[in-house]
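1. What follows is a protein structure lacking sequence information:
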C-alpha cells in the first residue's frame, strides 16, 4: 500500500469499520462514519437541513414535470422515496481477507478486501479472479459505490455522493460519468445523458401527448418581395427540424399547434404590422395566444414596457407577456455592463406585470443562461423561462417553454417556423393556463 495522508488515514479507519460490519451474519447496513472522518464533510445542522430542503425541492420539481413516459423517471422516483440504495447494494459481503489488501505475485485475490488505487483512494471492494469487481471508494470529496474495471476505475453502474450533498447515479466509464444518469444538487436536478463527465442534457421523447406551439413574426409572412398569409385553421406541425433525431420521435409527426407567441414590438420604435391580424386569426382557430417584446439595449426598460403595452392587446386568457432577450456581448458592454442590463430588464418586467396583472416570461438562449443568468439570482428564482436550445437536448434549467427548433415545418405556414414545447403534460399545461394567463 502507498503512503497515506492524514485524511486518507481517517478514510482507512472508516473502511476498516465497514469491513468489520460485513460479516456473513451481520445486516448489510452502512455504519455511520466517526466524527473525525474527513472533518471538512461535517456541516452544522442548520446548513444540513437547508441543503436537504433544497435537494427535496429539486426532486419535487422534476417529478412534477415528468412521469413514467420520460427516460430515467423511475430511477429518480426511486431515489426520492428510498434515498441512496447503492451503498448497501455494493457493500462487500462475507468476511474480510487481509491478504486481499496486497497484490501478491502468483496469488489471485478473491472475495472482500481493502486496497488503495494509484491516487491513494481507499477502496473496500469485492475481488474475483484477482480483479476488483465492485465496492465502495472513499476520497476527500465523497464516496463512490458501484462497479469497477480492472484498472480500479469506476465503470458500469455506480453512484457518487459528494460532501456538498450532491448525488449522482448512473453509468460510468473510466472514472467519468458516461451515458445515462441523474445528478441532484442544491442548484438543480439533471437527468439525461453525460459524456466524458459533462452533462449533455435530457433527451425528450416526442409524442402527440406533448404540448407544442410556435412563435412568429413578420418573417413568416415576408419572403423576398412576396407576402404570404398564415392559414390558422390549417396549422399542423409536420416536421420537428433537422436537429431532432427520428429515434426520439415515437409516433408520426402530425401534432396540433396548441399555442402561438406573436412578436408585437421591439425597442421603442418597431411594431410588427402583422401582429393584430395574426392575433385574431389565432383566436378564431382556438389557439392560445401570447405576445412578446424584443428587448433593446439602446433605451430604458420603462420606455420599452410602455411602448409594448401601448401597442399590444392583452386580453383575458392570453398567455403571459414575454421579454425576448438576445443581446450580444458587445451590446451588453455598450449599455453599461451586465448589471445595467439586468436593471433595465427588471424595470420592463415590473412595469408590464403591474399593468397586465400577469408575471412575464423571459426568453433567452442556453448561452445566456450559462454566461449571465447566475448574476441575477432573483430573476432565475422568481420567473418562468422560455429557453432556446436547438437540438435533441433539453435545457437543464427550470423552464416553462423550450424552443427546440428554428427550422420546423408547419402546414399552413410557408417556410421554416420556430417550434416550441411546453415543459410538462396536459395536466401541467392546464395548471399553467389557470395560474399564469392574463385575468
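-> Alright, I've got the coordinates. In this text, all values refer to a predicted model and were calculated from it rather than measured experimentally. Numbering: from 1, shown residues only.
2. packing partners for the lengthiest helix in the chain?
-> Ranked by residue count, the top helix of the chain under DSSP state H comes out as helix 45-65. Secondary-structure packing of helix 45-65 (3 or more C-beta pairs under 8 Å, 6 or more residues apart in numbering; DSSP states H and E): helix 73-82, strand 176-184, strand 189-195. All C-beta spots, glycine's among them, are computed from the backbone N, C-alpha and C.
3. now that helix: mean pLDDT?
-> Averaged across helix 45-65, the pLDDT comes to 81.
4. so that helix versus strand 189-195, what angle?
-> Helix 45-65 and strand 189-195 are oriented at 80 degrees to each other (axes from the mean of the first three to the mean of the last three C-alpha atoms, to 10 degrees).
5. Would you mark the buried spots in helix 45-65?
-> Neighbour-count burial for helix 45-65 flags 51, 54-55, 58-59, 62 (criterion: 16 or more other C-beta atoms under 10 Å).
6. Next: stretch 236-253.
-> For stretch 236-253, by 16+ other C-beta under 10 Å, it's 237, 239-241, 244, 253.
7. Tell me which stretches of the stretch 251-400 of the chain form strands.
-> For the stretch 251-400 of the chain, the strands defined by DSSP state E, counting those that start in this stretch occupy 259-266, 270-271, 288-294, 322-324, 361-365, 385-388, 393-394.
8. residues contacting residue 339?
-> With contacts defined as C-beta atoms under 8 Å, 6 or more residues apart in numbering, residue 339 is in contact with residue 375.
9. And stretch 405-423, end to end?
-> Taking C-alpha to C-alpha, to the nearest Å, stretch 405-423 runs 15 Å from one end to the other.
10. which of the residues in that stretch are buried?
-> Buried residues in stretch 405-423 (16+ other C-beta under 10 Å): 405, 407-410, 412-413, 416-423.
11. how close does residue 409 sit to residue 424?
-> Distance of residue 409 to residue 424, given as C-beta to C-beta, to the nearest Å: 24 Å.
12. how many neighbours does residue 120 have?
-> Here the count is done by other C-beta atoms under 10 Å, and residue 120 has 16 residues near it.
13. Roughly how far does it sit from residue 137?
-> Taking C-beta to C-beta, one finds residue 120 at 11 Å from residue 137.
14. And residue 332, by the same measure?
-> If you go by C-beta to C-beta, the gap between residue 332 and residue 137 works out to 44 Å.
15. picking up where we left off before, ok, residues contacting the longest helix of the chain?
-> By C-beta under 8 Å, 6+ apart, helix 45-65 touches 43, 73, 76-77, 79-80, 164-165, 167, 184-189, 191, 398, 423-424, 428.
16. ok, 7 Å please
-> If you take C-beta atoms under 7 Å, 6 or more residues apart in numbering as the criterion, helix 45-65 is touched by 76-77, 80, 165, 184, 186, 188-189, 191, 398, 423-424, 428.
17. Now for the closest residue to residue 389 other than its chain neighbours: which residues touch it?
-> Excluding the flanking residues, the one nearest residue 389 by C-beta to C-beta, 6 or more residues apart in numbering is residue 366, at 4.2 Å. Counting by C-beta under 7 Å, 6+ apart, residue 366 touches 387, 389, 395.
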